[in-house]
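Participant: what would the 3D arrangement of this be:
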Amino acid sequence: MTERMKLIVDVGSGALGHANDVPVATLNLSSHHPSAHGLIRLHLDIEDNVVVEATPEIGYMHRGAEKLLESRDYRQGLALANRHDWLGAFCGELGYAIAVEAMLGLDVPERAQWLRTLVAELTRIISHLHFLDHFPVEAVSDSLDVHERAQTEAVSVHGVSHREQAQHYLEVLTGGRVHPMYAQIGGLREDAPEGWLDDMARFVNTMREQDDHIAPYLTCEPLTHTLRAMGVLNRELVTTHGGSGPVARAAGIDIDLRRDQPYAAYGDLRETIRVIGYEESDVLARLMVIREQIPVSLDLIDSCIERLRALDGPINVALPKTLRAPEGLHYGWTETPLGIGGYLVASHGERTPWRVKLRTPSLAHVALLGPALIGYPTQAIAPIVSSLFLVTGDMDR
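Facilitator: Numbering: from 1, shown residues only. Modelled structure (predicted):
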């Protein structure tokens, strides 16, 4: 009879130490992987090197963002709204701003709406490229034979990443590399500098020309064969746990708020929005969803550039020094790079919100990590964790 072994695996840059005499291992996805900033602790039962039971434990990075938002006024809250998902920071700002604007009954200027949409799609590209660039190819290739490993190594060196260039243009526009602080209640902080739209147009064209440089390992058959049918998630399970974004669309759940509940300028871009979906709900399907989403975002940016070149007008609205939202509550949600991000804001008519509740996609998706690991060898832990696109701050908000 095979003996069952208990093991704790800390996903991150450091271990928390032993717990109840259970051995602790550290899974280092790389210092730059989004899921390695902080810790996710996995409690595993293993038989014959196969995971038979898995329970994720989170909370080691909890910062109380919701309570902090309740102690800041509405403008100051934007500085906190972009910090839980640091890869999609602008999308966090945008979701909170949309919720507060609805409470105040503000009409955001059209130019600001189109520029908001452009920056949201640029942020989406940056986030997707980060996960693709840091996917643990080496962990998968260890299970291949010598010939297959040689094929994988030939394409596993990442091509010219456009992520740095995209972040450069975001920094030129906003002044912030990681936390742009660009959205404001009622619009944006300032307009795009002269020549920035032309630079963005050239960036889009370059990315299209070098499309094969994006995640080249996804064209390697030995690797994709291994990723196929790994970390499979039942569609009903994804729905039950509130899965959204790429994780849901890889499971055949056709949902995208940009199309279904449009905000900013997405209502005018319905014909450009293509919702990428798969049915397999495995590691490969989840990677392919974000890989194929990038050309869609490029098309949306192109449309925004064309509209902004022909559109004049203000970039924000004049507001009083002190904002007081009327008594009531509103739920604003957006399609962030990781999935549906929501802000429930309740007001008692004061300068600060009475309650703020965040709906973050990573918190929903980490609940799927346990079922995704069961039945797969320990070598599959790294690629399965990576394929759920978890940002630690987005869970431990």
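Participant: chain neighbours aside, what residue packs nearest to His348?
Facilitator: Nearest residue to His348, sequence neighbours excluded (Cβ to Cβ, 6 or more residues apart in numbering): Trp354, at 4.4 Å. In short, each C-beta sits where N, CA and C put it, glycine included.
Participant: right, I mislabeled it, should have said Leu358
Facilitator: Using Cβ to Cβ, 6+ apart, the closest residue to Leu358 is Arg397 (5.3 Å).
Participant: for stretch 327-344, buried residues please.
Facilitator: Burial within stretch 327-344, assessed by neighbour count using 16 or more other Cβ atoms under 10 Å, is assigned to 330, 332-344.
Participant: check contacts around the residue nearest to Leu358.
Facilitator: Contacts for Arg397 (Cβ atoms under 8 Å, 6 or more residues apart in numbering) come out as His62, Arg63, Ala65, Glu66, His84, Leu358, Thr360, Leu363.
Participant: any stretches of this structure with poor pLDDT?
Facilitator: Within the chain, the stretches with pLDDT under 70 are 1-2, 13-21, 30-32, 35-38, 141-160.
Participant: start to end distance for stretch 308-328?
Facilitator: Distance across stretch 308-328, first residue to last, is 35 Å (Cα to Cα, to the nearest Å).
Participant: what comes into contact with it?
Facilitator: 73-75, 100, 103-104, 106-112, 114-115, 118, 184-192, 197, 345-351, 353.
Participant: redo that, cut-off 6 Å
Facilitator: With contact meaning Cβ atoms under 6 Å, 6 or more residues apart in numbering, stretch 308-328 is reached by 74, 103-104, 109, 111-112, 114, 184, 186-188, 191, 347-349, 351.
Participant: okay, and which of those map to strands?
Facilitator: Those of the contacts of stretch 308-328 mapping onto strands are Gln184, Gly187, Leu188, Ser347, per DSSP state E.
Participant: spatially, what comes nearest to the last one if we skip its sequence neighbours?
Facilitator: Setting aside the residues directly before and after it, Ser347 is nearest to Ala325 in space (Cβ to Cβ, 6+ apart), at 4.1 Å.
Participant: how many neighbours does the one you found have?
Facilitator: For Ala325, the neighbour count with other Cβ atoms under 10 Å is 26.
Participant: ok, now how distant is it from Leu363?
Facilitator: 26 Å (Cβ to Cβ, to the nearest Å).
Participant: cool, Thr322 as well?
Facilitator: In terms of Cβ to Cβ, Thr322 sits 33 Å off from Leu363.
Participant: okay, which residue is most central for this structure?
Facilitator: Nearest to the mean C-alpha position of the chain, by Cα atoms, centre = their mean, lies Leu338 at 3.0 Å.
Participant: quick check: it touching Leu363?
Facilitator: No - counting by Cβ atoms under 6 Å, Leu338 stays clear of Leu363, with 10.2 Å between them.
Participant: just checking, what's the longest helix in this structure?
Facilitator: helix 283-309 (DSSP state H).
Participant: related to what we said a few turns ago, from the buried residues of stretch 327-344, which two are the most distant?
Facilitator: The most widely separated members of those are His330 and Pro337, with 23.2 Å between them, by Cβ to Cβ.
Participant: that older thread, out of the ones in strands among the contacts of stretch 308-328, grab the one that's most surrounded.
Facilitator: Leu188 (26 neighbours).
Participant: ok, that one touching Gln113?
Facilitator: No - counting by Cβ under 6 Å, Leu188 sits too far from Gln113 to count as a contact (9.5 Å).
Participant: please name the nearest non-neighbouring residue to Ala112.
Facilitator: Gly187 (3.8 Å).
Participant: what is that neighbour paired to in the beta sheet?
Facilitator: Gln184 (DSSP bridges).
Participant: make sure Thr334 is indeed in a helix.
Facilitator: No - counting by DSSP: H, G, I helix; E, B strand; the rest coil, Thr334 is not part of a helix but strand.
Participant: report the beta-bridge partners for it.
Facilitator: Gly341.
Participant: verify the stated contact: it with Gly95.
Facilitator: Yes - with contact defined as Cβ under 6 Å, Thr334 reaches Gly95; the gap is 4.3 Å.
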